[in-house]
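S.K.: Sequence isn't available, so here's the structure alone:
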């Protein structure tokens, strides 16, 4: 306004008359009108772009909020999948450890089975070595015939039909002799059938039968004394075999000494025998001498039974372990498949999560760029609005001056107005200079903080948010739980192995002690054997003399 008033004051110096001044004003009004039109078009364009930018920012904000909700849902899915995966891995590891334990047990059983088979073969070889080849061939032939022809009523050798205490082994073996390998059958018809097949097939071997239907025996009234024991009373057998037992052992007494044996053989008319194997026949004959207990048939049969039972037990246990291993393998296969599926699902969820997270970050960057663009547009809008206000004021002043008299001097009122306006202008200019100074300082400070935000704090925030996401998805905790479970399983396995090792060491000590005791007994027996041999030699020398 001050400028317009001052210009108005100087018009008389510029223009010769009112007409020329009005022509100039009309020309200026035309020029200002064109500028006003351009500014208004620019303002409308800026306002439209500003509104479009604001709407775009609003849409992006809603989109980011929606995507963040989806991210939270994906995060929960990932956490649930991670939890399921961790539990599945723990279960898989438990089953794997169980399978390893079963493998160890299976390997131990295989070794034990091989040992038992070797011991069984050795016991059978030892037993077969105590009888002639003809007897062995005969027994083998009978077993083959029974198996091939499915013949019933064949019970096997006598030695397999009873048990007794170890201290009676010598007496029982000497009494029975080779009859221990006679074959017990139900009837003489069965025996004849077997012999017929052997002869027909020209099968070699010597066989003797004990047909139960043809073995007649009488109940014997045994003497009652602490010095003698009926041998048959010390045998454990099935009552089906009683005729055979009475036939072979029924007429024999076990006596405390050779003198007592001689007395009872003479008075009771029964065969008598001592625990050392010295015999006194009811007919008066006396038989005796050194009997090598290391070649005991009954002991070999006992060892055969022991290793046969042990082998059957171990085969049953081994089969049970193998069946359990099959079940564990099937379960482990399912668990491995489940873990693989969960891992695939985990990867897919992670990829989806990271992709959506990147989309949100890109939208955030776009939003920041739009906000900066909006700020620029707002400043441009304010600038255009200021320019339009000034132009409109100038146009209004010129239009007001158009057609008025050309004055050489301002009115008093106009002069006062100019003075007041000049003072206001001076104040405003001072304020502008002060504001510009402060603005310059604030812009420097703003640039510093923006640099700190964008190059440091924002990056640090993103790193922390990423770490929080990682922690939020509980992968580290689950990894810790998984490692802890593995450690506990390893500790249990180690404790079990240590217990097994301690047990084996104790068993080894027991067997070492037993070996030392047996070695001592062997040495003692050998010493006794040498004494007996020396005694026999002395007796021979005395006889020769």
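M.R.: The structure has been received and is ready for your questions. Note that this is a predicted model, so its numbers are computed, not measured.
S.K.: Going by C-alpha atoms from here, please, whenever you check contacts or count neighbours.
M.R.: OK.
S.K.: ranges for the strands of the protein?
M.R.: For the chain, strands defined by DSSP state E occupy the ranges 154-157, 162-164, 183-185, 209-211, 228-230, 235-237, 252-255, 271-274, 279-280, 286-287.
S.K.: which other helices and strands contact the last one?
M.R.: Under the contact criterion of 3 or more C-alpha pairs under 8 Å, 6 or more residues apart in numbering; DSSP states H and E, strand 286-287 touches strand 279-280.
S.K.: Give me the pLDDT for residue 436.
M.R.: Residue 436 is assigned 69 on the pLDDT scale.
S.K.: what's the average pLDDT for stretch 448-455?
M.R.: 69.
S.K.: my bad, should have said stretch 388-399
M.R.: 84.
S.K.: Ok, stretch 283-303 next?
M.R.: pLDDT averaged over stretch 283-303 gives 82.
S.K.: Repeat that for stretch 158-165.
M.R.: In this model, stretch 158-165 carries a mean pLDDT of 94.
S.K.: In that stretch, which residues are buried?
M.R.: 158, 159, 160, 161, 164 (16 or more other C-alpha atoms under 10 Å).
S.K.: Could you list the residues in contact with it?
M.R.: 155, 179-184, 234-238, 241, 298, 301 (C-alpha atoms under 8 Å, 6 or more residues apart in numbering).
S.K.: What is the distance between it and the centre of its chain?
M.R.: Its chain's average C-alpha position is 51 Å from that of stretch 158-165, according to C-alpha atoms, centre = their mean, to the nearest Å.
S.K.: so what's residue 254 scoring on pLDDT?
M.R.: 94.
S.K.: where along the protein do the helices fall?
M.R.: 2-9, 11-14, 18-128, 133-149, 169-176, 188-200, 242-249, 258-268, 297-401, 412-452, 458-472, 475-544 (DSSP state H).
S.K.: Tell me which of these lies nearest to residue 210.
M.R.: Among those, the nearest to residue 210 by C-alpha to C-alpha is helix 242-249 (6.6 Å).
S.K.: Low-confidence stretches in the stretch 1-150 of the chain?
M.R.: 1-16 (pLDDT under 70).
S.K.: got the contact list for residue 284?
M.R.: 265, 266.
S.K.: Actually, residue 506.
M.R.: Here residue 506 is in contact with no residue (C-alpha under 8 Å, 6+ apart).
S.K.: I'd like to know how far it sits from residue 108.
M.R.: According to C-alpha to C-alpha, to the nearest Å, residue 506 and residue 108 sit 17 Å apart.
S.K.: which one of the contacts of stretch 158-165 sits closest to residue 123?
M.R.: Nearest member of those to residue 123, counting by C-alpha to C-alpha, is residue 301, at 7.4 Å.
S.K.: Run a quick neighbour tally on the spatially closest residue to that closest one that is not a sequence neighbour.
M.R.: If the residues on either side of it in the chain are set aside, residue 301 comes closest to residue 127, at 6.5 Å by C-alpha to C-alpha, 6 or more residues apart in numbering. Neighbour count of residue 127, defined by other C-alpha atoms under 10 Å: 21.
S.K.: Then residue 29?
M.R.: Residue 29: 19 neighbours (other C-alpha under 10 Å).
S.K.: ok now do it, which residues does it touch?
M.R.: By C-alpha under 8 Å, 6+ apart, the contact set of residue 29 is 395, 398, 399.
S.K.: Give me the buried subset of these.
M.R.: Here, 16+ other C-alpha under 10 Å leaves 395, 398 buried among these.
S.K.: Dump the contacts of residue 29 into a markdown table; add distance to residue 194 as well.
M.R.: Below are those laid out as a markdown table (distance: C-alpha to C-alpha, whole Å):
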| residue | distance to residue 194 |
| --- | --- |
| 395 | 145 |
| 398 | 150 |
| 399 | 150 |
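S.K.: Name the nearest of the contacts of residue 29 relative to residue 137.
M.R.: After measuring the contacts of residue 29 against residue 137 - C-alpha to C-alpha - the closest member comes out as residue 395, at 142.7 Å.
S.K.: List the residues that contact that closest one.
M.R.: Contacts for residue 395 (C-alpha under 8 Å, 6+ apart) come out as 29, 32, 33.
S.K.: from the residues you listed, which is closest to residue 195?
M.R.: Nearest member of the contacts of residue 395 to residue 195, counting by C-alpha to C-alpha, is residue 33, at 144.2 Å.
S.K.: Report the separation between residue 420 and residue 176.
M.R.: Distance from residue 420 to residue 176, by C-alpha to C-alpha: 154 Å.
S.K.: how about the closest residue in space to residue 269 that isn't next to it in sequence, phi and psi?
M.R.: In space, and not counting its chain neighbours, residue 269 is closest to residue 282: 4.9 Å by C-alpha to C-alpha, 6+ apart. Main-chain torsions, residue 282, degrees, to the nearest 10: phi -60, psi -10.
S.K.: give me the number of residues near residue 282?
M.R.: 20.
S.K.: these two touch, right, it and residue 273?
M.R.: No. Contact criterion C-alpha atoms under 8 Å: residue 282 and residue 273 do not qualify, at 10.7 Å.
S.K.: Look up the closest residue to residue 367, ignoring the ones flanking it.
M.R.: residue 57 (5.9 Å).
S.K.: The one you found contacts residue 370, correct?
M.R.: Yes. Shown here, residue 57 and residue 370 form a contact pair, counting by C-alpha under 8 Å, at 6.7 Å.
S.K.: Tell me which of those two has more neighbours.
M.R.: More crowded of residue 57 and residue 370, by other C-alpha under 10 Å: residue 57, with 21 against 18.
S.K.: Enumerate every residue touching that one.
M.R.: Counted by C-alpha under 8 Å, 6+ apart, residue 57 has contacts 367, 370, 371.
S.K.: Need these in CSV (columns: pLDDT and distance to residue 214).
M.R.: CSV is the format used below for these (pLDDT from 0 to 100; distance: C-alpha to C-alpha, whole Å):
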residue, pLDDT, distance to residue 214
367, 90, 114
370, 91, 119
371, 90, 120
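S.K.: For the residue nearest to residue 260 when sequence neighbours are not counted, the count of nearby residues, please.
M.R.: Leaving aside its sequence neighbours, residue 260 sits nearest to residue 227 (C-alpha to C-alpha, 6+ apart; 7.3 Å). Residue 227: 14 surrounding residues under other C-alpha under 10 Å.
S.K.: And the spatially most central residue of the chain, how close does it get to residue 359?
M.R.: Among the residues of the chain, the one closest to the centroid is residue 93, at 0.9 Å (C-alpha atoms, centre = their mean). Distance of residue 93 to residue 359, given as C-alpha to C-alpha: 38 Å.
S.K.: cool, residue 32 as well?
M.R.: Taken as C-alpha to C-alpha, the span from residue 32 to residue 359 is 49 Å.
S.K.: same thing with residue 26?
M.R.: Relative to residue 359, and taking C-alpha to C-alpha, residue 26 is found at 59 Å.
S.K.: go on, residue 24?
M.R.: 61 Å.
S.K.: now residue 379
M.R.: For residue 379 relative to residue 359 (C-alpha to C-alpha), the value is 30 Å.
S.K.: Compare the helices of the chain and give me the one nearest residue 209.
M.R.: Of those, nearest to residue 209 by C-alpha to C-alpha is helix 188-200, at 6.6 Å.
S.K.: how far out from the middle of the chain is that closest one?
M.R.: Between the centre of helix 188-200 and the centre of its chain there are 62 Å (C-alpha atoms, centre = their mean).
S.K.: Kindly report the same for stretch 17-27.
M.R.: With C-alpha atoms, centre = their mean, you get 102 Å for stretch 17-27.
S.K.: Next: stretch 318-325.
M.R.: That offset, for stretch 318-325, works out to 19 Å (C-alpha atoms, centre = their mean).
S.K.: okay, now residue 194: neighbour count?
M.R.: Neighbour count of residue 194, defined by other C-alpha under 10 Å: 20.
S.K.: Distance-wise, check it relative to residue 215.
M.R.: For residue 194 relative to residue 215 (C-alpha to C-alpha), the value is 18 Å.
S.K.: Dump the contacts of residue 57 to CSV, plus distance to residue 441.
M.R.: Below are the contacts of residue 57 laid out as CSV (distance: C-alpha to C-alpha, whole Å):
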residue, distance to residue 441
367, 27
370, 26
371, 23
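S.K.: Alright, that wraps it up for me.
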